[in-house]
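[1] sequence plus the predicted model coming up.
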Amino acid sequence: MKKNRPGTVCHRRTVLGFSGRDWMPLLFLSLVFHAGLFGETESARTESEYSFAYLGDLHIDQTAHHDFEWLKANKPNDLQQIEGYVRSTDTYTSRLLKQIRTLAELSGGRIKRVIQAQFAYAKQMIKQNLGDLPFISVKGNHDITGPGAVDAYNRFMLPWMSAECGKPVDSASFYFMQGPDLFVIFDVYHHADLNWLKKALKHNPHRHVFVVMHPPVVPCSARSAWHFLSKPGELKKREVLLNILGRSKAIVLTAHLHKYSLLGRKTPKGTFVQFNMGSVISFSPVTVEDEVRGVECYNGSLVELEPDFQPETIELRKKILDDERDSVTFFECADFGGYAVFHVSDAAVAADIYAGDSSEKWKTVNLIQ
C-alpha cells in the first residue's frame with residue numbers, strides 16, 4: 001500500500017485458505033449467547049461470563065421473493081447481486097443454521113440468543129434448523145428496499161421480535177440485558193434517535209455495552225462513504241453519536257461492507273471499539289485476502305483495495321479516511337466472509353475469528369485495549 005507513515009509497515013496479503021473438509025458446525029447468525037465455558041459455578045458463569053457468536057449480512061434470499069419487472073425498471077444493477085445471494089442461500093445457509101443447532105446441543109442447551117435480519121422465508125428456515133433458539137433481528141438496508149418493504153418489516157418483524165425477546169418491541173430500536181451487559185439494537189434507517197440511544201445507555205447500568213447496527217459508524221474500507229451519518233449535512237449529528245459511544249466505551253458491532261475490520265475510535269468523551277464482519281459465503285474454500293494491520297495503514301490509501309469501485313468518488317473517499325485517521329487508535333481489516341465467537345468476562349472481551357464455514361480459527365483479537 002502507499003502513503004505509509006515513516007518507519008511503519010502495513011501488512012497486506014492473502015494469509016490463508018481452508019479446505020472444504022475442515023468445516024464443522026458453525027456457530028451462529030449474528031449474536032448467540034452461551035455460558036459454561038469457564039471455571040466458575042453455573043450461576044456465576046451464566047451471569048458474568050458467557051460467549052456469543054456474530055455474523056453479518058447473510059442475505060437470505062430466494063428468486064420468488066422479487067418482482068423482477070420492478071427491479072429491471074428501478075434497480076437494474078441489483079439483478080446480478082440477487083442471483084448471487086440466492087445461490088449463497090441455497091448452497092450454504094441451511095448448512096450454517098444446522099451447524100448452529102449442533103453447537104447449541106453440544107453446549108448443553110445454554111445458547112440463548114441469535115441475531116440477524118430477514119422475513120418470513122428466513123423465519124421458516126431459521127426455525128426449521130435452529131429449533132427453539134431465540135432469534136433477534138437488526139434491521140439492514142435490504143430489509144426495507146422496495147415498495148411496501150417498510151410496512152412489511154413492521155408488521156412481520158416487530159411481533160416476531162416481541163415473541164423472541166419476551167417483551168414488547170414496538171420499534172426496530174430496542175435493547176436487552178445479557179447478565180450484567182447491555183445489548184442495544186439500533187435502527188439507523190427509521191429510528192436513528194440519538195436521544196433514545198443516549199438514554200438507553202445511561203439508564204441501564206451495565207458492565208460492557210454492545211451497540212449493534214447495520215452500517216459502520218467509522219469508515220473502515222475502500223468504500224469509506226458508506227458509514228452511518230456520512231453526508232456533509234450530518235457531521236454535527238455524527239459528532240454527537242461518536243461522543244455517546246465514546247462516553248460508554250461501547251463495542252459497536254456492524255456489517256454492511258461484507259468484510260472484516262476492527263478499530264478503535266477516540267472521541268473527546270472516551271474511546272469505543274468497532275467490529276465489522278461479513279458472512280456471505282459464495283464459495284468454499286474461503287481465502288482471507290488483502291489483510292491490512294496497523295494504525296499507520298489507516299489513511300486514504302485504503303481506497304486502493306478496490307481500485308475499480310466508483311473512480312469518480314476516489315478523491316472524496318480518500319479525504320474521508322485522511323480526515324478520520326488521527327482519531328483512530330488501532331486498526332486492521334481483511335477481505336473475506338466468515339464469523340466470530342466472542343468471549344466476555346469482567347476482564348476481557350475477545351473474539352475468535354473464522355474464515356468461511358471452517359472450524360479452524362484464523363486469529364483471536366482483544367476488543368478491550
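    That came through fine. Numbers count the residues shown, from 1 in each chain.
[2] count of residues packed around residue 77?
    Residue 77 has 7 neighbours, counted by other CB atoms under 10 Å. Backbone N, C-alpha and C define where each C-beta goes, glycine included.
[3] do you know how far it is from residue 145?
    Here residue 77 is placed at a distance of 12 Å from residue 145 (CB to CB, to the nearest Å).
[4] give me the next element, helix or strand, following the host helix or strand of residue 252.
    According to DSSP states H and E, residue 252 maps onto strand 251-254. Next in sequence after strand 251-254, counting helices and strands by DSSP H and E, comes strand 260-267.
[5] list the buried residues of that following strand.
    260-265, 267 (16 or more other CB atoms under 10 Å).
[6] partners of it in the sheet?
    strand 270-276 (antiparallel), strand 328-335 (antiparallel) (DSSP bridges).
[7] make a markdown table out of the buried residues of strand 260-267 and add pLDDT and distance to residue 360.
    Listed next are the buried residues of strand 260-267 as a markdown table, based on pLDDT from 0 to 100; distance: CB to CB, whole Å:
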| residue | pLDDT | distance to residue 360 |
| --- | --- | --- |
| 260 | 96 | 16 |
| 261 | 97 | 21 |
| 262 | 98 | 19 |
| 263 | 98 | 25 |
| 264 | 98 | 27 |
| 265 | 98 | 31 |
| 267 | 98 | 37 |
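[8] could you export these to a markdown table, including columns for distance to residue 236?
    Below are these laid out as a markdown table (distance: CB to CB, whole Å):
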| residue | distance to residue 236 |
| --- | --- |
| 260 | 30 |
| 261 | 25 |
| 262 | 27 |
| 263 | 22 |
| 264 | 23 |
| 265 | 17 |
| 267 | 14 |
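[9] ok, residue 217 - contacts?
    227-229, 238, 241-242, 245, 252, 254, 265, 274 (CB atoms under 8 Å, 6 or more residues apart in numbering).
[10] got any ranges where this structure has weak pLDDT?
    Along the chain, the model assigns pLDDT under 70 to residues 1-47, 57-68, 71, 78, 80-119, 121, 129-130, 369.
[11] redo that, cut-off 50
    Along the chain, the parts satisfying pLDDT under 50 run over 1-9, 11-45, 103-104, 106-118.
[12] tell me where it has helices.
    42-48, 68-74, 79-88, 94-106, 120-130, 149-165, 194-202, 235-247, 314-324 (DSSP state H).
[13] contacts for the last one?
    Under the criterion CB under 8 Å, 6+ apart, residues 218-219, 222-225, 230, 298-303, 310 lie in contact with helix 314-324.
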